[in-house]
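Undergrad: Just to be clear, the model below is a prediction. Sequence and coordinates:
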Protein chains: 2
Amino acid sequence: MSRIVALDTDDIRFATSVSLDGSDAMNPDPDYSAAYVRIRTDDDASGHGFVFTIGRGNDVQVAAIRSLAPYLVGQEVEPLLDDMGTTWRRLVHDSQLRWLGPEKGVMHMAIGAAVNALWDLKAKRAGLPLWQLLSSMTPEDIVDLVDFRYLTDALTPQDALDILRRAAPGREARTAQLLADGYPAYTTTPGWLGYDDAKLARLCKEAVDEGFRQIKLKVGGDRSEDLRRLEIARSVVGPDIAIAVDANQRWEIQEAIDWMKDLAAYDIAWVEEPTNPDDVLGHATIARGVAPIPVATGEHMANRVMAKQFLQADALQVLQIDATRVAGVNENIANLLLAARFGVRVCPHAGGVGLCEAVQHLSMFDFVAVSGTTDGRMIEYVDHLHEHFVTPVVIRAGCYEAPRAAGAGAEMLATSIEAHRYATDV
Amino acid sequence: MSRIVALDTDDIRFATSVSLDGSDAMNPDPDYSAAYVRIRTDDDASGHGFVFTIGRGNDVQVAAIRSLAPYLVGQEVEPLLDDMGTTWRRLVHDSQLRWLGPEKGVMHMAIGAAVNALWDLKAKRAGLPLWQLLSSMTPEDIVDLVDFRYLTDALTPQDALDILRRAAPGREARTAQLLADGYPAYTTTPGWLGYDDAKLARLCKEAVDEGFRQIKLKVGGDRSEDLRRLEIARSVVGPDIAIAVDANQRWEIQEAIDWMKDLAAYDIAWVEEPTNPDDVLGHATIARGVAPIPVATGEHMANRVMAKQFLQADALQVLQIDATRVAGVNENIANLLLAARFGVRVCPHAGGVGLCEAVQHLSMFDFVAVSGTTDGRMIEYVDHLHEHFVTPVVIRAGCYEAPRAAGAGAEMLATSIEAHRYATDV
């Protein structure tokens, strides 16, 4: 029997705004940051998690994570990890903390970081990468991880069980396939708004050479600029590489439809975050207006209740789960099950700090145990900041290699934490 | 010319869980709290604001407010207050902070507290209560306070201008009417789940004696208990007093419809928060299922984009704005304009700590300058914790008296702040 003895936090920031990596129409000058947490036990084990932010306010996110210490420190590890469904509910449905969302924003993401750190600890204790740990659970045990409250008009526990049981027979073969070939990726590396034309063209070329089958360009700042940059990108990558565009919430509803009419000439793979991420009805209108171009969103989707509605309303055709936006692994399993129920493909949001390392486990679990397919599915990839992680992602021939190391992927190097700890006197 | 010299914060908590004041089906043991902010200027003036929470996590909310100090301290006061629309946008659309919501949860509410404190300062400098300050602005200046981004598919600046201009002629008469008669209130004092039958009956009787025309009961814990308590309440208040019920997000969609079929026998004025506050589509289904009983929600509505959708989808018939859930006065003006545009009545959420003191200004402004009516409209009232405010609300014959004191109503007594400051070593 072991016990949690500490919940350590760190405010980690990278000065990415200097190089304009990550610049888009809504986020002109991000400083990629992590509100980082390490949960330590008295047998010298630790689980690591974080919330990705883009700079200012990372200290607030850290404070929110730190406020969870009384819920965890002093607890016995085994009961927490053996019943992660109950552990999740205890944090998310805390009768007082809940008011601060409910189930959205800083407090919800803080719970996600703690939950993910516990999953990291659980996977390390099991000696398995998270995706394999999850994929080794029975359908019944996976269903127990999910909170179906507010979902039952779209997904019942029985629906979830049916989905998981249907996928059970092929688990072994798909695991082998993942270990051999990896999971498809696409790259956003070329597409940031702050890059000049030469850099755009060079990075597009490199992306194709490296084996990626899809790239993504940021749009929404200036329409003629978007057309010009798409012209460059399309001419470099040729007709066979998919090009998605990402407006980062820049548009009104009709504006999105009009703008995309112009961009459609470049054979657009999807339009991402056309408007405010809370606007289910607006996205539904846009989806009808830009069809057959699919609408993609999710990186700012606050919780599973929003995911449910986007799916019910046909407001998205690509669900972009994010590893640190919702309350961790459990809620993302709910989102994967919802997507499977509605037959919608999942192409996770990644990049930032550690998002690739974290979210790949969820896509691989989805392939092995939930949807059973990678058709039309890709994990976003950005070639950035991976060197700060203990087990950085490995991309080969445009695919994520399946991680072999035990854990959930979120652990940063102690030297990187030291070097990028942000000094704040707030 | 004066300058902001400090942004002081306090973590203020009341041990309300001891008496079960405020107990409902989702919040069994709240400790009513305020994340309090005071913005001080070098000419010794100050503006006060707060976020209402129910206990744990109030320190996180305080940290979020404190993180706004660099945006305000050192700034000249006049430019900030003269163009509150720009001031609002500068905070809400900060390119890095925005990631923490966007526009929802702890960070958004923190901005609301700061914005409301600035409005308090502005009203005090003008020597007017906030409702009169707002009601004295031209339609054009009011429109400038509102951010129409993401709203234009439902409400354009021109729509808003039309609404405000239509209401302009009667402003003076309605101001006089408010000063004479006040604004209708209803009371939730009798209805908390934690009270026994005798206390319920006694408080129902007192509510009628005090002139309230509507009471509200918490429901959703146990159906037969709800029926029993409604029987008591209805028998005490008689057929002419309206009884609303509040489920505090307790139900699934079909469950809400079924449950309300049983309760409908007691002539229910509205059903409040039947399910998750993010579930626009769910509320729309419930609204169709329980009609003609109106659906009311809003106290957990994260922002104006959610309000827009609830109105577009006919998902609510009563909009319950909250003074501290969204980004302050400006965003609540957007919500009032949206409600006016859709012809939906606004009955604010209040109670808690200081919510009555704050939100009354918005309803009174709505009556004078926006909707021009109090038909079917009431502000919630709970007889609780008002003694801690410098200008506590005054209820007379079931109505809020129109405040005469300059300011926005949020200022707490220094002695109360001292007495209820929460000691935390986080």
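TA: Cool, got the structure.

Undergrad: Report the rounded mean pLDDT for the strand or helix carrying residue A:244.
TA: Per DSSP states H and E: residue A:244 is located in strand A:242-246. The average pLDDT for strand A:242-246 rounds to 98.

Undergrad: mind checking how far that strand is from the chain centre?
TA: The chain centroid and the centroid of strand A:242-246 are separated by 18 Å under Cα atoms, centre = their mean, to the nearest Å.

Undergrad: outside of that strand, which residues touch it?
TA: Contact with strand A:242-246 is made by A:24, A:186, A:188, A:191, A:213-220, A:226, A:230, A:233-234, A:237, A:263, A:266-273, A:296, as judged by Cβ atoms under 8 Å, 6 or more residues apart in numbering or on different chains. Yep, even glycine has a C-beta here, placed from its N, CA and C like the rest.

Undergrad: Next: stretch A:361-368.
TA: Taking Cβ under 8 Å, 6+ apart as the rule, stretch A:361-368 contacts A:129-131, A:134-135, A:167, A:171, A:174-175, A:178, A:183, A:321, A:323, A:329, A:332-333, A:336, A:340, A:346, A:348, A:373-374, A:377, A:379, A:400, A:402-403, A:408-409.

Undergrad: What segments of the stretch 151-300 of chain A are helices?
TA: Applying DSSP state H, counting those that start in this stretch to the stretch 151-300 of chain A gives helices spanning A:157-167, A:171-181, A:197-209, A:223-237, A:253-263, A:280-290.

Undergrad: Let me see the contact set for residue A:98.
TA: By Cβ under 8 Å, 6+ apart, the residues touching residue A:98 are A:92, B:26, B:27.

Undergrad: Distance to residue B:96, neighbour count and pLDDT for these - can I get that in TSV?
TA: TSV is the format used below for the contacts of residue A:98 (distance: Cβ to Cβ, whole Å; neighbours: other Cβ atoms under 10 Å in any protein chain shown; pLDDT from 0 to 100):
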residue	distance to residue B:96	neighbour count	pLDDT
A:92	26	25	98
B:26	33	21	73
B:27	32	20	72
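
Undergrad: thinking again about what came up before, pairing partners for the strand holding residue A:244, with directions?
TA: Strand pairing for strand A:242-246, determined by DSSP bridges: strand A:214-218 (parallel), strand A:268-272 (parallel).

Undergrad: With residue A:335 as the reference, measure out to the nearest residue to residue A:171 once chain neighbours are set aside.
TA: Leaving out its chain neighbours, the residue that sits closest to residue A:171 by Cβ to Cβ, 6 or more residues apart in numbering or on different chains is residue A:368, at 5.3 Å. From residue A:368 over to residue A:335 the distance is 17 Å, taken as Cβ to Cβ, to the nearest Å.

Undergrad: where does residue A:25 land on pLDDT?
TA: Listed pLDDT for residue A:25 reads 73.

Undergrad: how many neighbours does it have?
TA: As a burial measure, residue A:25 scores 19 neighbours (other Cβ atoms under 10 Å in any protein chain shown).

Undergrad: where's it, which helix or strand?
TA: Under the criterion of DSSP H and E, residue A:25 resides outside all helices and strands.

Undergrad: Can you give me every residue that contacts the nearest residue to it once chain neighbours are set aside?
TA: Distance criterion Cβ to Cβ, 6+ apart; nearest residue to residue A:25, sequence neighbours excluded, is residue A:220 at 3.8 Å. Residue A:220 makes contact with A:24, A:25, A:26, A:226, A:246, A:247, A:248, A:250, A:251, A:259 under the criterion Cβ under 8 Å, 6+ apart.

Undergrad: same deal with residue A:213?
TA: Residue A:213 neighbours (Cβ under 8 Å, 6+ apart): A:184, A:186, A:241, A:242, A:378, A:398.

Undergrad: quick check: longest helix of chain A.
TA: Longest helix in chain A, counting residues (DSSP state H): helix A:105-126.

Undergrad: do that one and chain B meet?
TA: Yes. Interface with chain B: helix A:105-126 contributes A:105, A:106, A:107, A:108, A:109, A:110 (Cβ under 8 Å from any Cβ of the partner chain).

Undergrad: Would you convert these into TSV that also reports neighbour count and pLDDT?
TA: Listed next are the residues of helix A:105-126 next to chain B as TSV, based on neighbours: other Cβ atoms under 10 Å in any protein chain shown; pLDDT from 0 to 100:
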residue	neighbour count	pLDDT
A:105	27	98
A:106	32	98
A:107	31	98
A:108	28	98
A:109	29	98
A:110	32	98
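
Undergrad: Ramachandran angles for the most centrally placed residue in chain A?
TA: The centroid of chain A falls nearest to residue A:322 when counting by Cα atoms, centre = their mean (2.1 Å). Backbone geometry at residue A:322, expressed as degrees, to the nearest 10, gives phi -130, psi 140.

Undergrad: thought it was touching residue A:303?
TA: No. With contact defined as Cβ atoms under 8 Å, residue A:322 does not reach residue A:303; the gap is 11.5 Å.

Undergrad: Give me the below-cutoff pLDDT ranges for the stretch 301-426 of chain A.
TA: Where the stretch 301-426 of chain A drops to pLDDT under 70, the residues are A:424-426.

Undergrad: Can you name the residues that contact the residue in the stretch 1-150 of chain A that chain B sits nearest to?
TA: Nearest residue of the stretch 1-150 of chain A to chain B, counting by Cβ to the nearest Cβ: residue A:105, 1.6 Å away. Contact analysis of residue A:105 by Cβ under 8 Å, 6+ apart lists A:302, B:100, B:101, B:104, B:105, B:106, B:107, B:108, B:302.

Undergrad: Can you give me the distance of the residue nearest to residue A:211 when sequence neighbours are not counted to chain B?
TA: Nearest residue to residue A:211 in three dimensions, chain neighbours excluded: residue A:398, at 3.4 Å (Cβ to Cβ, 6+ apart). Distance check for residue A:398 against chain B: by Cβ to the nearest Cβ, to the nearest Å, it reads 28 Å.

Undergrad: Now for residue A:398, how many residues are close by?
TA: As a burial measure, residue A:398 scores 19 neighbours (other Cβ under 10 Å).

Undergrad: Name the next helix or strand downstream of the host helix or strand of residue A:38, please.
TA: Assigned by DSSP H and E, residue A:38 belongs to strand A:33-41. Following strand A:33-41 in sequence order, the next helix or strand is strand A:46-53 (DSSP H and E).

Undergrad: Now do that next one against strand A:33-41, angle only.
TA: Inter-element angle recorded for strand A:46-53 and strand A:33-41: 160 degrees (by axes from the mean of the first three to the mean of the last three Cα atoms, to 10 degrees).

Undergrad: Does chain B have contacts with the helix or strand just after strand A:46-53?
TA: Once strand A:46-53 ends, the next helix or strand along the chain (criterion: DSSP H and E) is helix A:58-66. Yes. Counting by Cβ under 8 Å from any Cβ, chain B is contacted by helix A:58-66 at A:59, A:60, A:61, A:63, A:64, A:66.

Undergrad: what distance separates helix A:58-66 from the centre of its chain?
TA: Averaging C-alpha positions (Cα atoms, centre = their mean) puts helix A:58-66 20 Å from its chain's average.

Undergrad: Go through stretch A:172-182 and flag the buried ones.
TA: A:174, A:175, A:177, A:178, A:182 (16 or more other Cβ atoms under 10 Å in any protein chain shown).

Undergrad: That'll do, ta.
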